[in-house]
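Asker: using only what follows, build the 3D model:
(one chain, ligands or ions: 1)
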Amino acid sequence: MELAGNAAVIGGGSGIGRGISLALGAAGLGVAIGDIDPDTAAAVRDEIAAVGGKAVSLAVDGTSSRSLEEFASFAVQSLGPVNVVSTNVGIAHEKPLADATDAEWDWMLRFNFLSVTRAVGTFIPVLRRAGRPGGFIITASMSALIAPTMQSWDGSHRGMYTTTKHALHGYAEILRHELAQEDITVTMLSPGLVTTKMNETSARFAPGSDGASAEPGSFPAIPDDGLDPVELGRLTVAAHAAGRFRIPVPADFREMLQARTASILDDLDFAEELRRTTMSPRRPGAR
Ligand SMILES: NC(=O)c1ccc[n+]([C@@H]2O[C@H](COP(=O)([O-])OP(=O)(O)OC[C@H]3O[C@@H](n4cnc5c(N)ncnc54)[C@H](O)[C@@H]3O)[C@@H](O)[C@H]2O)c1
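Answerer: Predicted coordinates for the structure are as follows:
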């Protein structure tokens, strides 16, 4: 698909969302940048405008359907029909699953999962009205595809994060299938470590906070040798234009992805052997 038209980027003021915003602007799309932090959103808007692109920005709470509705109206009024939407809201919260409280689960699901379902719910009619090819670019994580447990770079408890990102994988895959006939494609970005300020954002929006926490969070700072979010933005926009679904990067994760697939197939073989040896033979015609 040749990407053209206008885009709305939620959580576009920093990190991966900024990288995607810049790449969309460079590809010639008008870009509406929404972020809970209006100053960073405005800074990205100015970066795009400085190189001749068209961009607008707004303060948006990506976990609120009402705020997303306002953002969608603003984007269409300012730029015209919107046909590409990128969702980037997400935080990490380090805790063993056995200790996680109900309130923490509500919070994590709101940021990492419901922010996406609400963005899709809000923008689906907008994309349908736009009447030109486009789609959703959902920023998930490599943790949508594997459960790194203690293999993660610092050995910390990433269970809640991994669970919410796994939910996004199922959601995005079915959504892509459902929208396939409509020229609305769904791409799920699944990177490993990306050098962003995610640790600061996660601290600021730690479960139960008011978004103004100055306390250091439990999520450690991301090392400098992670993926570059601006390069990742370019790669993501190119893969979306090519109609790809998952974007798992970098290739270092190949072995972990293979190990997970192999372990599922091993369980399948084991269960099949059990079924063969312990269950009564299937009657003809039985399901
Ligand atoms: N950094 C990594 O290593 C990494 C790896 C894989 C996936 N991710 C995912 O990438 C996404 C973006 O994270 P990042 O690493 O770019 O972090 P980041 O903190 O640099 O950027 C996140 C942006 O989202 C904004 N934001 C937070 N809550 C918001 C809300 N309710 N409404 C609107 N905007 C909000 C923040 O202000 C910030 O500008 C997250 O979903 C994260 O899980 C990050």
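Asker: which bits of this structure sit near the ligand?
Answerer: 10-11, 13-17, 35-37, 40, 60-63, 88-90, 139, 141, 191, 193-194, 196-198, 201, 205, 222, 226 (C-beta under 6 Å from any ligand atom). Where C-beta positions appear, they are placed from N, C-alpha and C, glycine not excepted.
Asker: among those residues, which are in helices?
Answerer: Those of those mapping onto helices are 15-17, 40, 198, 201, per DSSP state H.
Asker: give me the mean pLDDT for the top helix by length along the chain.
Answerer: Counting residues, the longest helix found in the chain (DSSP H) is helix 254-278. On average, the pLDDT along helix 254-278 is 95.
Asker: again, but for stretch 63-74
Answerer: If you average the pLDDT over stretch 63-74, you get 98.
Asker: can you pull out the helices in this protein?
Answerer: With DSSP H as the criterion, the chain has helices spanning 15-26, 38-50, 65-79, 102-109, 115-130, 159-179, 198-204, 229-241, 254-278.
Asker: ranking the ones you listed by burial, who's on top?
Answerer: Highest mean neighbour count of the helices of the chain: helix 15-26, a mean of 27 (counted as mean count of other C-beta atoms under 10 Å).
Asker: contacts for that helix, please.
Answerer: Residues outside helix 15-26 that contact it (C-beta atoms under 8 Å, 6 or more residues apart in numbering): 3, 7, 9-12, 31, 33, 35, 40, 44, 47-48, 51, 53-55, 84, 86, 88, 137, 139, 189, 191, 194, 196-198, 201, 228-234, 236-237.
Asker: next one: stretch 54-74
Answerer: Outside stretch 54-74, the residues touching it (C-beta under 8 Å, 6+ apart) are 8, 10-13, 21, 25, 30-38, 41-42, 44-46, 48-49, 75, 78-79, 82, 87-89, 110-111, 114-115, 118-119, 121-123, 126.
Asker: end to end, how far does that stretch reach?
Answerer: End-to-end span of stretch 54-74 (C-alpha to C-alpha, to the nearest Å): 14 Å.
Asker: now do that stretch: distance to the chain's middle.
Answerer: Centroid displacement of stretch 54-74 relative to its chain, using C-alpha atoms, centre = their mean, to the nearest Å, is 17 Å.
Asker: likewise for stretch 38-46?
Answerer: 20 Å.
Asker: one step back: rank the helices of the chain by pLDDT, which is bottom?
Answerer: Minimum mean pLDDT among the helices of the chain: helix 198-204, a mean of 91.
Asker: send me it as PDB with only the CA atoms.
Answerer: Extracted C-alpha coordinates of helix 198-204, given in PDB (Å, rounded to 0.1, in the frame of the first residue of the first chain):
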ATOM      1  CA  MET A 198       9.800   4.300  29.500                       C
ATOM      2  CA  ASN A 199      11.200   3.900  33.000                       C
ATOM      3  CA  GLU A 200      10.400   7.500  33.800                       C
ATOM      4  CA  THR A 201       6.900   7.200  32.200                       C
ATOM      5  CA  SER A 202       6.300   4.000  34.100                       C
ATOM      6  CA  ALA A 203       7.300   5.700  37.400                       C
ATOM      7  CA  ARG A 204       5.100   8.700  36.700                       C
END
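Asker: and it, what does it pack against?
Answerer: The helices and strands touching helix 198-204, judged by 3 or more C-beta pairs under 8 Å, 6 or more residues apart in numbering; DSSP states H and E, number zero.
Asker: measure residue 119 to residue 234 for me?
Answerer: Taking C-beta to C-beta, to the nearest Å as the measure, residue 119 falls 22 Å from residue 234.
Asker: could you identify the longest strand within the protein?
Answerer: In the chain, assigned by DSSP state E, the strand with the most residues is strand 184-191.
Asker: give me the sheet partners of it and which way each runs.
Answerer: Partner strands and pairing direction for strand 184-191 (DSSP bridges) are strand 134-139 (parallel), strand 246-249 (parallel).
Asker: what's the mean pLDDT across it?
Answerer: 98.
Asker: flag every buried residue along that strand.
Answerer: 184-191 (16 or more other C-beta atoms under 10 Å).
Asker: then stretch 55-67?
Answerer: 55-64, 67.
Asker: I'd like those as JSON lines, with distance to residue 103 appended.
Answerer: Below are these laid out as JSON lines (distance: C-beta to C-beta, whole Å):
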{"residue": "55", "distance to residue 103": "37"}
{"residue": "56", "distance to residue 103": "36"}
{"residue": "57", "distance to residue 103": "32"}
{"residue": "58", "distance to residue 103": "29"}
{"residue": "59", "distance to residue 103": "26"}
{"residue": "60", "distance to residue 103": "24"}
{"residue": "61", "distance to residue 103": "19"}
{"residue": "62", "distance to residue 103": "20"}
{"residue": "63", "distance to residue 103": "15"}
{"residue": "64", "distance to residue 103": "18"}
{"residue": "67", "distance to residue 103": "22"}
